[in-house]
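[1] sequence first, then the predicted structure, then my questions.
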Amino acid sequence: MRLISTVAIVRGRFWMRMLLCLSMLGSLTLPASAKDEVSPRSLAIKGEVRYHFREELEGVKPGGKKYSAPAYEKEAVVNGRVAHLPYRFVIQVDEQGALEVKVLDSEGKTLQGYPRKVENPFAGESASQEFEIPVAPELAHRIETEVLAKNQHLTEVQLVVKPSSSEG
Amino acid sequence: MSRVIGSIKGSNIIEEDDESVTFTSGATLDGDGANGQFGGAPCYAPKDFGGDTLDFIDNAGHPGNWFGVVTNTGEPDGKPIIQGPGDPHPGAFVSATSLELPGDDGRPLPRSSPFKYVDSATVPFIVVPPMIIKGVAGVVMGCRAVVTNTRNGKTVEAVVADAGPSNHLGEISVACAKALGISTGGKHPANGGGAESGIKYQLFPGIPAVVDGVRYPLQKH
């Protein structure tokens, strides 16, 4: 019994440390809770960056819609980073289950508009949380060249955070 | 005998013996065409617009490059049309689909009319790439489609109403996603959610769609 309690306390301290200083490392997993833990539920989340674009359509009749419906290419966030952005993503879940997102540039400075915090991030119909990522024109051009196909124009870069078990 | 029209990111697009077209992929969401025609939210609006919108405004473009809304010149560098007092959502932009609808008298509506386009918020529709539009004999835009979520067995009758990029397969309206039990985005329903896989699409080129009692026109692209 004492052994079990000790393990629970050790796990509990680890859990507390996780909650206080977890940064997003591709996939964030919070372990199942013990009796004395702060949060009664487990939470596993993942992040991806979506490069939204529209494509200029060929052969459209005069007056018709010239650009395609929006679509996106995506990259999974691994160790807080993706291949085509010079940013680091730090994602924390606090003791109350609120989601906090920071985006740091290559010099470690927080991007304008961040950090952001979302209470009850996956309540109701929300299966994900989306955050706009600002990109300068030069970076946007590089993404169009390296990530997108011919005639495709970048419209938005977005960080999406969702439960690991979710679709989409 | 069935034939493979092509393949996009590992999903084969097949023309069946009965000339229907099938493919299975995921589903992303398209809010285009939503202008509040039937009481739903518009797709896009200026940043100072008070109400909800289906999509994040940046996906419509920006001054000088309006890719996703109707402009006064019909070109991306024109000024976006803003809905007026007599329109469904005064203050919102007008968002277009490739499929254009006629007026009640059967005549073409002006490009600036919110009713010229298919409402993503309330009409189940799908988006297809040019490979399908150009790859079959029958007219695709406006044709009947049946979409099935194989994860839960839900099926919906839909219309092909928009053209997608050449390298993307599996895109549906917000109304279609809701009918199939597919999640939508949080703040902006068309800007998130979707399904990674398990969505089956069947199109019937040349056969006009009838959805919720509305017959849609077939339109050569």
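    Cool, the structure landed. Numbering: from 1, shown residues only, chains lettered A, B, ... in the order given.
[2] look at residue 106 and report its pLDDT.
    This is for chain A. Reported pLDDT at residue A:106 in the predicted model: 92.
[3] ah, no, chain B please
    Reported pLDDT for residue B:106: 95.
[4] quick one, what contacts the residue most central in space within chain B?
    Nearest to the centroid of the C-alpha atoms of chain B, with distances taken as C-alpha atoms, centre = their mean, sits residue B:162, at 4.3 Å. Residue B:162 makes contacts with A:65, A:68-69, B:30, B:32-33, B:97-99, B:118, B:125-128, B:171, as judged by C-beta atoms under 8 Å, 6 or more residues apart in numbering or on different chains. Yep, even glycine has a C-beta here, placed from its N, CA and C like the rest.
[5] at 10 Å instead, please
    A:65, A:68-70, B:30, B:32-33, B:96-99, B:117-118, B:120, B:125-128, B:141, B:171-173 (C-beta atoms under 10 Å, 6 or more residues apart in numbering or on different chains).
[6] where are the low-confidence patches of chain A?
    A:1-43, A:124-126, A:166-168 (pLDDT under 70).
[7] mind listing the helices for it?
    Here chain A has its helices, by DSSP state H, at A:2-21, A:137-146.
[8] and if you look at chain B?
    Using DSSP H, helices in chain B cover B:130-135, B:174-179.
[9] of all the ones you listed, which one is nearest residue A:91?
    The closest approach between residue A:91 and any of the helices of chain B, judged by C-beta to C-beta, belongs to helix B:174-179 at 25.8 Å.
[10] for the closest one, buried residues please.
    If you call a residue buried by 16 or more other C-beta atoms under 10 Å in any protein chain shown, then helix B:174-179 has these buried ones: B:174-179.
[11] do the same with stretch B:2-11
    Judged by neighbour count (16+ other C-beta under 10 Å), stretch B:2-11 contains these buried residues: B:5, B:8, B:11.
[12] closest to residue B:73 out of those residues?
    Of all those, residue B:73 sits closest to residue B:8, with 32.7 Å by C-beta to C-beta.
[13] what sits against the nearest residue to residue A:96 once chain neighbours are set aside?
    In space, residue A:96 comes closest to residue A:119 once its chain neighbours are excluded; the distance is 7.5 Å by C-beta to C-beta, 6 or more residues apart in numbering or on different chains. Contact analysis of residue A:119 by C-beta under 10 Å, 6+ apart lists A:94, A:96-99.
[14] now do the top strand by length along chain B: distance to the chain's middle.
    Within chain B, and with DSSP state E defining each element, the longest strand by residue count is strand B:195-208. Distance of strand B:195-208 from the chain centroid (C-alpha atoms, centre = their mean, to the nearest Å) equals 13 Å.
[15] swap in stretch A:63-74?
    On C-alpha atoms, centre = their mean, the centre of stretch A:63-74 falls 24 Å from that of its chain.
[16] got the buried residues for that stretch?
    Neighbour-count burial for stretch A:63-74, with 16+ other C-beta under 10 Å as criterion, is recorded at A:64-73.
[17] touching chain B at all, it?
    Yes - with C-beta under 10 Å from any C-beta of the partner chain as the threshold, stretch A:63-74 lies in contact with chain B, specifically through A:63-74.
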